[in-house]
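[1] Fold the following.
(one chain, ligands or ions: 1)
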Amino acid sequence: MPIQKGEKIVVLEKNGASAEIYLYGATVSSWKSGGVERFWMSGAAVLDGSAPIRGGIPIGFPIFANDVHPEFAELGGAHGFARINVWTLDDVVLETEADIKATFRLVPNDAISKLFPHPFELVYEVTLTGSGLTTVLHIINPASTTSKPWQFNTVFHTYYKVPQSLKASISPLQGTPYIDRLDGMKRKVQESEKAFMLVETASAYDLSAKDEFEVLFSYGDDATDALKIVSKGFPDAVFWNPREVVGSTVPDMSKGGWNEFICWEPGVISNLATLKPGDRFTGVQHMEVVSM
Ligand code: TA6
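    Sure thing, here's the model as predicted:
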């Protein structure tokens, strides 16, 4: 079966690869390709729909984090309400010989409208091939005579599973400006070609110089494959790992979890984006397994 539609989880399969998506938050919780799980899921993750899922790809909307835009802090806390609401799966699933695509939607409910009193629609496409996964988020301000422009942040908070987070790296980033969220939001420039996760890091890289930003996610020098990650439409990407001192204070992070993942999170983060009635934002994240 190329798609299994469970009450809570949708499973996609294509050419030996698979992906699992919780309707709660439309959170992609697993992506297996080349016989390897590519996304990290905390052993202590809450999976009953009572808290955001710690792992996979939680979707942040309409806020990224309180330190970046404190004026948005009331919008569902850190990372907003999209990751803590149940999305619906469209009936139509598109399949070709090469891929399978499922689409998920979130529209306002009463609780959301109290926080964010704007008409909106989120449409999320997840496409699986034998070697790749593409996630596309459309954020829509529907046209109507009463609609007004509104602002948002968004993020694909992607947790990549790694054998050892100290060895993994993202490159090429040399010369890329970033905001250091752990150093008073100072603006800095990446000096080395590769960014490693040797200490606690929460840096928002500025990808806006290019419409399409490609990085190589390396598992380490001895790895036989790597991930090519391409993001389109997103002006930023956060590079995050709390390491032990902070990670051990996160209740749903399994002990030692910080050694097992690195987050590279394309998004609209350092500035709020504005959508006028009838406008749509589209952000794309494509991950492809490549041989080394
Ligand atoms: O994206 C990085 C970040 O904003 C960190 O600052 C960190 O707190 C993390 O996300 C996790 O946030 P969460 O709300 O899921 O605990």
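
[2] Show me what secondary structure element comes after the helix or strand harbouring residue 133.
    Element membership for residue 133, per DSSP states H and E: strand 132-140. Following strand 132-140 in sequence order, the next helix or strand is strand 150-156 (DSSP H and E).

[3] Tell me which other helices or strands the helix or strand following that following strand touches.
    Using DSSP H and E, the next helix or strand after strand 150-156 towards the C-terminus is strand 159-161. Here strand 159-161 touches strand 261-275, going by 3 or more Cβ pairs under 8 Å, 6 or more residues apart in numbering; DSSP states H and E. Where C-beta positions appear, they are placed from N, C-alpha and C, glycine not excepted.

[4] Which positions in the very next helix or strand once past the strand it packs on come out as buried?
    Once strand 261-275 ends, the next helix or strand along the chain (criterion: DSSP H and E) is strand 280-291. When burial is assessed from 16 or more other Cβ atoms under 10 Å, strand 280-291 yields the following buried residues: 281, 283-289.

[5] Go ahead and name everything in contact with the strand holding residue 133.
    With contacts defined as Cβ atoms under 8 Å, 6 or more residues apart in numbering, strand 132-140 is touched by 17, 19, 28, 31, 33, 38, 57, 59, 61, 120-127, 152, 154, 156, 275, 279-289.

[6] What sits closest to residue 129 if chain neighbours are left out?
    residue 99 (4.6 Å; Cβ to Cβ, 6 or more residues apart in numbering).

[7] tally of neighbours for the one you found?
    19 (other Cβ atoms under 10 Å).

[8] show me what contacts it?
    14, 127-129.

[9] Repeat that for residue 35.
    residue 16.

[10] swap in residue 36?
    residue 225 are the contacts of residue 36 under Cβ under 8 Å, 6+ apart.

[11] so what's it bridging to?
    residue 33 (DSSP bridges).

[12] Look up how far residue 160 lies from it.
    Distance of residue 36 to residue 160, given as Cβ to Cβ, to the nearest Å: 11 Å.

[13] Sweet, I'm off.
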